[in-house]
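K.L.:
Predicted structure and sequence below. I'll ask about it afterward.
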Amino acid sequence: MGDLHRTHTCGELTKEDVGNEVVLMGWVRRRRNLGGLLFVDLFDRHGLTQVVFRPDDDPEIFARAEHLGAEYVIGARGEVMARPEGTVNTDLPTGEVEVHVAELRVLNASETPPFVMEEPLKASDELRLEYRFLDLRRPHMQRLIEARHKAALATRKYLAGNGFLEIETPILAKKTPEGARDFIVPSRVHRGKVYALPQSPQLYKQILMVSGCDRYFQIARCLRDEDLRADRQPEHTQIDMEMSFVTEDDVFGVAEGLMTAIWREAAGVTIETPFPRLTYREAMDRFGSDKPDTRFGMEIVDLTDLLGETEFNVFRSTIEGGGTVKCLNAVGCGGWSRGEIDRREALAKKWGAKGLAWTKPVDGALQGGIGKFFSEKETAAVRERAGAAAGDLLLFVADARKKTNEILGRLRIALRDDLDLVPEGRLNFLWVTDFPMFAWNEDSGSWEAEHHMFTMPRPECIDLLETDPGQVLGRLYDLVLNGVEIASGSIRIHRRDIQERVMAVVGITSEDAERRFGFLLKAFDYGAPPHGGLAPGLDRIVMLVTGEDSIRDTIVFPKSYRGISLMDGSPSEAEPAVLDELGIRFVEPPDEESRDRDSG
RNA sequence: GGGGUCGUAGUUCAGUUUGGUUAGAACGCCGGCCUGUCACGCCGGAGGUCGCGAGUUCGAGUCUCGUCGGCCCCGCCA
């Protein structure tokens, strides 16, 4: 840089600076060479300033400016000038001024970028990830990075202000008790033994409560060795928190305050608290989902009590067999063709429905489809219950209660997307509570923890642990925003006896328990306080705060769909000497093909 | 583990259904002209192993098989 020293960023010059000499440093984005006049858009993280070169001012500098390439890094000294009448760019914060360059320093040249740095970007995800350093240089990505920083900063400020301590827990950990596969790190010193990378700091934070830390948080990396999805990365970040001597209401209060702070600081948006609450049972019955999108209505309508005697055999026999009949009122879809209805039936069948019955309300009747099977009384009752009016379309599913709810719930979301039912700008936060503790796994023929096994059962359910696990509700809660689960937590078990009973339900013997979680049970024996917590997912929160539709770009260096980092090429092979030292030998050596995948 | 879809110039794509001359467009890049642009404009130019391999055919970007890679879904997964 020589004797040049930056005086301003590219985003801050205004009319006030006219007449001053400044030094800007940044990246050359677009050049507009008009022959006797040359403009360069000079970018940095803070914005863009137009710099001007004229042969009349200095022919030598102008000649060099003509050879500036895209993404060259330059320093430019010059005078801030007001733009001439009629050439002000009102779209730009710096649009009233420009810098006339008296000294130009090329700090570094750049290869021609593999994609044009413009919005909207025309580049595949693959290319963007390979050249992530360029991708991140775009203003759009800079904004996401900044939003994430603001969300994290708001989190620290808010939680610290509410008595939380930020505490780091180990990355090299004991195998975690949750369902996913662990990433494993072999120990060199203890040949044959491994650490696991934590899926969450769950056990550590509970032990911190036993240690009397009272209120803990950590912006924690969580790692899982499972297959990826669009919204799932092998490592994600949670705002992990835990509190002693609390009930659900205390946790909700803190979480609502935290969400308010994050949305205020990162998006400038005010959100309303307290958030509404729904039990799991109600969420499933009304929305067919444990993370309901309540930004639109079209709730699931239960018709079981109305149709027990109906002439339509499918419904009657389902109800006689203990099942349910429910419907969705697709408001305004009465004009749908047979083909359009059939397409939805195919979807429903893919999700496990036996069929998708339909009928169309007309004045005082139900016409088409199964409408003809309904008596006058049933027609009136169904119409009323569903709030059906002429021009609507009723879609029915008859099956076991759980299955009916799930299918209609998925159909409801599909209709949301097809019919564009969501009003812009809504933020519907919602607590879902009282989840069941256990689910029966058909394949293994055993009970499994729905969430995790450290959740306290609701007091009235504790005695069902041994007799009817399926009926046991946990002190579990999820925070849902616009149909996306953004946090999950529970009041935990803090007593050994209850913990051992819960473990027994999921088939963990006391020897198993001692070997895997003995340290936690031992801690419970030494004065564990009642405690509970929550873990909001930072990636998803940033996604929703910024209006992105994927968590991919809220993470600076994400993995590709197959878990590969396209920029640095991880995972890569370990050198034989490294494996030797660890005492590891792969059963099947990597084949030649995968070693040399430059063919594509 | 199963399924879908895509792979053509530096980039984003068209062309593949129905095999047939020299594989096109836009942006970018290079050269020329241009003193108020901000997606500058105008003129010209270079740039392709149609992912890779095998097969069918007189002839393959196009059809078949295999393979590699990207994205997406199910399984799995807080």
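P.N.:
Now that the structure is in, tell me what you want to look at.

K.L.:
Please make it C-alpha for all contacts and neighbour counts, starting now.
P.N.:
Fine.

K.L.:
Can you name the residues of the stretch 301-450 of chain A that neighbour RNA strand B?
P.N.:
Residues of the stretch 301-450 of chain A lying close to RNA strand B (C-alpha under 7 Å from any atom of the strand): none.

K.L.:
Could you check which residue of the stretch 301-450 of chain A lies nearest RNA strand B?
P.N.:
Proximity of the stretch 301-450 of chain A to RNA strand B (C-alpha to the nearest atom of the strand) peaks at residue A:450, 7.2 Å away.

K.L.:
what about that residue, how many neighbours?
P.N.:
Using other C-alpha atoms under 10 Å, residue A:450 is surrounded by 16 other residues.

K.L.:
Now it: closest residue in space that isn't a chain neighbour?
P.N.:
residue A:438 (5.1 Å; C-alpha to C-alpha, 6 or more residues apart in numbering).

K.L.:
need the contact list for that neighbour.
P.N.:
Shown in contact with residue A:438 (C-alpha atoms under 8 Å, 6 or more residues apart in numbering): A:447-450, A:469-470, A:472.

K.L.:
Any of these buried? List them.
P.N.:
A:447-450, A:469, A:472 (16 or more other C-alpha atoms under 10 Å).

K.L.:
Mark which of the residues you listed are part of strands, please.
P.N.:
A:447-449 (DSSP state E).

K.L.:
pretty sure the residue of the stretch 301-450 of chain A closest to RNA strand B contacts residue A:440?
P.N.:
No - if you go by C-alpha atoms under 8 Å, residue A:450 and residue A:440 don't touch, sitting 9.3 Å apart.

K.L.:
Quick check: of the buried ones among the contacts of residue A:438, which lies closest to residue A:564?
P.N.:
Using C-alpha to C-alpha, residue A:450 is the member of the buried ones among the contacts of residue A:438 that lies nearest residue A:564, at 29.8 Å.

K.L.:
contacting residues for that closest one?
P.N.:
Per C-alpha under 8 Å, 6+ apart, neighbours of residue A:450: A:436-439.

K.L.:
Any chance of the backbone angles for it?
P.N.:
Main-chain torsions, residue A:450, degrees, to the nearest 10: phi -70, psi -40.

K.L.:
How about residue A:21?
P.N.:
Per degrees, to the nearest 10, the backbone of residue A:21 is at phi -90, psi 130.

K.L.:
Helices of the stretch 101-250 of chain A, start to end?
P.N.:
A:125-130, A:132-135, A:139-161, A:202-210, A:248-267 (DSSP state H, counting those that start in this stretch).

K.L.:
Most tightly packed of those?
P.N.:
helix A:202-210 (a mean of 21; mean count of other C-alpha atoms under 10 Å).

K.L.:
What's the local residue count around the residue in the stretch 351-500 of chain A that RNA strand B sits nearest to?
P.N.:
Nearest residue of the stretch 351-500 of chain A to RNA strand B, counting by C-alpha to the nearest atom of the strand: residue A:451, 4.5 Å away. Residues lying near residue A:451 (other C-alpha under 10 Å) number 20.

K.L.:
again with residue A:175
P.N.:
Residue A:175 has 18 nearby residues by other C-alpha under 10 Å.

K.L.:
excluding its backbone neighbours, what's nearest it?
P.N.:
Distances taken as C-alpha to C-alpha, 6+ apart put residue A:196 closest to residue A:175, at 4.9 Å, once the chain neighbours are dropped.

K.L.:
now swap in residue A:410 and tell me
P.N.:
Closest to residue A:410 by C-alpha to C-alpha, 6+ apart is residue A:288, at 7.2 Å.

K.L.:
gap between the one you found and residue A:413?
P.N.:
10 Å (C-alpha to C-alpha, to the nearest Å).

K.L.:
Which one's more surrounded, those two?
P.N.:
Remark: of residue A:288 and residue A:413, residue A:288 carries more neighbours, 27 against 20, as counted by other C-alpha under 10 Å.

K.L.:
Relative to residue A:473, how far out is the more buried one?
P.N.:
According to C-alpha to C-alpha, residue A:288 and residue A:473 sit 18 Å apart.
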